[in-house]
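> dropping the sequence and predicted coords here.
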Amino acid sequence: MDFSILTNYFDLYLRGFWGTLLSSVLALIGSFVIGTVIAVFRITTIKALRWFGMGYVEFIRNIPLLLVVCIFYYGPSAIGFTLDGFKAGTIGLAVYTSAFIAEAIRAGIMAVPKGQMEASRSSGLSYVQAMVHIILPQAIKLVIPPLGNQFINLIKNSSVLTLVAGFDLMYFADSISTETYRTFDTYIFVAVFYLVLTVPLSYGVRVWERRLQSKY
């Protein structure tokens, strides 16, 4: 393996690494917020919101991630403005992942005993207050492993940004590979950079899960 590729093009690898990291963090936050809202919609007694949540999840989960990204990359131009590859890719990644997070959180909410909501409402809390302060904290604790898996998948899926010039790791790796003609070596180093992102996250999720279990 030619380590000179890593040393000679380390600045490009680093730019791609930070691009992937920033996109992943933004998409992670966005997908968690959107997914939580959709999960609540999925179990609400308001029929319109429940149908919207179900339609959102079924539509997003059953189309390719690349198509979601392309919708945000090419779609805005139809109404008079454009998004660059980084923004479109990050938004598409957040929207796509949110559908899977919504289902994970919904499963957690359904696992919380119904008496919790009834007791919260009888003590004077509104539905929203009970959901935010009582139900969701318990639900999220129950589904930390699947949430962690979705966040790791999100980081790996961020490679889709290269197809819309999102300046991520794969985008710069393509440039390096084209210039050096050393495809295998180039992408092996990319894999190492991805591991730098995913392995600590995987470990952190396991530690967080153990701490929450010991706390409760």
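Received, thanks.

> what helix or strand is residue 67 on?
Per DSSP states H and E, residue 67 falls inside helix 65-74.

> with just CA atoms, put that helix into CSV.
In CSV, the C-alpha atoms belonging to helix 65-74 read as follows (Å, rounded to 0.1, in the frame of the first residue of the first chain):
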residue,chain,number,x,y,z
LEU,A,65,-31.5,8.0,-0.4
LEU,A,66,-30.0,9.3,-3.7
LEU,A,67,-33.4,10.2,-4.9
VAL,A,68,-34.2,12.2,-1.7
VAL,A,69,-30.9,14.1,-2.1
CYS,A,70,-31.6,14.8,-5.8
ILE,A,71,-35.1,16.1,-4.9
PHE,A,72,-33.4,18.7,-2.7
TYR,A,73,-30.6,19.4,-5.1
TYR,A,74,-32.7,19.9,-8.3
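
> helices or strands up against the helix or strand following it?
Moving toward the C-terminus from helix 65-74, the first helix or strand encountered (DSSP H and E) is helix 85-111. In this structure, helix 85-111 packs against helix 10-43, helix 47-61, helix 65-74, helix 136-142, helix 144-157, with contacts taken as 3 or more CB pairs under 8 Å, 6 or more residues apart in numbering; DSSP states H and E. Using the backbone N, CA and C atoms, a C-beta is placed for each residue, glycine as well.

> now do 10 Å
For helix 85-111, the elements it packs on are helix 10-43, helix 47-61, helix 65-74, helix 136-142, helix 144-157, helix 169-180, judged by 3 or more CB pairs under 10 Å, 6 or more residues apart in numbering; DSSP states H and E.

> okay, buried residues for it please.
The neighbour-count check on helix 85-111 (16 or more other CB atoms under 10 Å) flags 85-106, 108-109 as buried.

> show me how far that helix is from its chain's centre.
6 Å (CA atoms, centre = their mean, to the nearest Å).

> stretch 192-202 now?
Averaging C-alpha coordinates over stretch 192-202 and over its chain gives two centres that are 15 Å apart (CA atoms, centre = their mean).

> thinking again about what came up before, same list (the helices and strands packed on helix 85-111) but as CSV, adding mean neighbour count.
Below are these laid out as CSV (neighbours: other CB atoms under 10 Å):
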stretch, mean neighbour count
helix 10-43, 19
helix 47-61, 14
helix 65-74, 18
helix 136-142, 18
helix 144-157, 18
helix 169-180, 19
